[in-house]
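Student: Provided below for reference: sequence and predicted model.
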Amino acid sequence: MKQFHPLVVSASESETRDSIRIALEVPETLRDEYAFQPGQHLPVQIECDGKKLRRTYSICSEPGEWPLQIGVRVQPGGQFSEFAANELRPGDTLDVMPPNGQFHAVPDAANAKRYLGFAAGSGITPILSIVTSLLRAEPDSRFTLFYGNRTQGTTMFIDDLYALKNRYPERLQLHFLFSREEQEFAVASGRLDAAKVRELFALFCRQGVPDEAFVCGPDTMIATVTETLTELGLPAEALHAERFGAPRKPGKTAPAAQADSGDVATVTVLMDGHKKTFEMPRSGINIVDAAAEQGVELPYSCKGGVCATCRTHVQQGEVEMATNYGLEPWEVDKGFVLACQCTPLSDEILLNYDKT
Ligand code: FES
């Protein structure tokens with residue numbers, strides 16, 4: 001199982017008035033473990049009032065670039081983000097798990113692709129890593145990025161994006177949109193709703209449907225942009241999306257047990273080649289929490305069905321997954337689940353954490 005390691009904070013700087021960028025030193029001995037694909041994220045953990053608090057933040061730096069950097073939007077009342085903004089200082093350590101996540105690009109120097117990106121707010125964090133990596137690694141590829149914010153003052157990584165535009169003036173098209181600031185051209189004002197996506201697509205994607213699109217932002221923005229891009233002809237396999245934060249609408253609640261031989265299930269987990277078995281109720285508690293109650297530690301971060309840190313493969317038996325915002329359809333088809341959202345449907349379950 002991926003373990004948390006204490007990483008030294010080498011810098012913590014304001015990015016905007018409500019966001020920060022944190023740089024984390026990774027010792028040489030751990031660099032293979034912390035190698036990542038552009039777009040992936042890091043689970044971080046702190047102790048707060050005697051309890052472990054975990055959050056997941058996307059990496060904004062490029063693969064191979066050290067220190068690792070993450071972007072954090074400071075949420076009023078957010079336990080981790082307020083701690084990071086007000087108390088975390090260079091020289092402190094943070095417990096950080098190696099990178100994770102299925103939302104990523106796979107740069108290939110042989111590609112000559114046209115990429116499209118839609119980011120809203122802090123959703124730019126993984127997209128910045130993706131754009132930077134693709135433009136550097138693929139000299140014949142192009143990227144068109146639309147980035148929506150309330151105002152210029154809340155726009156994260158604006159200097160990095162302008163620097164990138166200066167570095168790749170021919171291959172990067174960069175368009176900012178602001179919902180609370182009037183712009184000279186109406187197309188640059190407003191939110192990334194369906195009409196705006198269609199308008200931007202018609203104006204700036206005249207060469208036709210791009211090869212791949214990356215979308216990252218809040219739940220409603222993701223749904224709107226991906227649905228519209230699908231209507232505009234982008235095939236599902238070319239569309240990569242990652243939600244930031246829990247969806248506004250609560251997910252389906254955990255299913256009631258459909259017990260046929262009592263209401264206890266036996267769950268075996270296979271991890272790092274070792275098996276551990278525990279018993280758990282068939283309703284009312286998810287597999288991650290039930291395992292913890294039995295002294296079995298399983299990976300997790302958000303526990304909201306978003307980050308996919310708890311992803312595992314159901315090798316035997318059947319589970320019901322209440323919510324899934326973190327897995328692609330092909331992963332679900334192949335039997336992958338989010339353990340933090342699952343309750344057992346059968347008496348015996350075998351979960352394989354070693355299957356990738
Ligand atoms: S812990 Fe984040 S999806 Fe399960």
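Tutor: Good, I have the coordinates.

Student: what's the burial count for residue 206?
Tutor: 7 (other Cβ atoms under 10 Å). Where C-beta positions appear, they are placed from N, C-alpha and C, glycine not excepted.

Student: where's it relative to residue 293, distance?
Tutor: Counting by Cβ to Cβ, to the nearest Å, the separation of residue 206 from residue 293 is 57 Å.

Student: partner residues bridging residue 13?
Tutor: Following DSSP bridges, residue 13 is listed with bridge partners residue 21.

Student: is it true that it touches residue 20?
Tutor: Yes: the criterion here is Cβ atoms under 8 Å, and residue 13 meets it with residue 20 at 6.4 Å.

Student: quick one, phi/psi of residue 160?
Tutor: Main-chain dihedrals, residue 160, degrees, to the nearest 10: phi -60, psi -40.

Student: and it, what's its pLDDT?
Tutor: pLDDT for residue 160: 97.

Student: the more surrounded of residue 13 and residue 20?
Tutor: residue 20 (21 against 10).

Student: OK, contacts around that one?
Tutor: 12, 13, 14, 71, 72, 74, 84, 85 (Cβ atoms under 8 Å, 6 or more residues apart in numbering).

Student: which of those lies closest to residue 237?
Tutor: Of all the contacts of residue 20, residue 237 sits closest to residue 71, with 27.8 Å by Cβ to Cβ.

Student: can you name the residues bridging to that closest one?
Tutor: Legend: beta-bridge partners of residue 71 under DSSP bridges are residue 21.

Student: what about it, how many neighbours?
Tutor: Applying other Cβ under 10 Å, I find that residue 71 has 24 neighbouring residues.

Student: ok, now which ones touch it?
Tutor: 15, 19-21, 57-58, 60, 122, 124-125, 128, 156-157.

Student: looking at those residues, which are in helices?
Tutor: If you go by DSSP state H, the contacts of residue 71 have 124, 125, 128 in helices.

Student: spell out which residues of the stretch 251-356 of the chain are next to the ligand.
Tutor: Residues of the stretch 251-356 of the chain found near the ligand (Cβ under 6 Å from any ligand atom) are 300-310, 326, 338, 340.

Student: separation between residue 151 and residue 123?
Tutor: The value you get for residue 151 to residue 123, if Cβ to Cβ is used, is 16 Å.

Student: with residue 207 instead?
Tutor: Taking Cβ to Cβ, one finds residue 207 at 25 Å from residue 123.

Student: out of these two, which sits in the busier spot?
Tutor: residue 123 (29 against 9).

Student: mind checking pLDDT for residue 263?
Tutor: Taking residue 263 on its own, its pLDDT is 87.

Student: number of nearby residues for the closest residue in space to it that isn't next to it in sequence?
Tutor: Distances taken as Cβ to Cβ, 6 or more residues apart in numbering place residue 282 nearest to residue 263, at 4.9 Å, with adjacent residues excluded. Using other Cβ under 10 Å, the number of residues around residue 282 comes to 23.

Student: same deal with residue 210?
Tutor: 21.

Student: OK, contacts around residue 82?
Tutor: 74, 75, 76.

Student: one step back: out of the contacts of residue 71, which are buried?
Tutor: 15, 19-21, 57-58, 60, 122, 124-125, 128, 156-157 (16 or more other Cβ atoms under 10 Å).

Student: what about the residue lying closest to residue 137 once chain neighbours are set aside, distance to residue 117?
Tutor: The shortest distance from residue 137 to any non-neighbouring residue, by Cβ to Cβ, 6+ apart, is to residue 107 (3.5 Å). Going from residue 107 to residue 117 by Cβ to Cβ gives 14 Å.

Student: same deal with residue 195?
Tutor: Residue 195 is 19 Å from residue 117, by Cβ to Cβ.

Student: for residue 95, give its distance to the ligand.
Tutor: Noted for residue 95: a distance of 16 Å to the ligand, by Cβ to the nearest ligand atom, to the nearest Å.

Student: show me what the strand or helix carrying that residue is packed up against.
Tutor: For residue 95, the element it lies in under DSSP states H and E is strand 93-96. Judged by 3 or more Cβ pairs under 8 Å, 6 or more residues apart in numbering; DSSP states H and E, strand 93-96 is in contact with strand 5-16, strand 19-25, strand 41-48.
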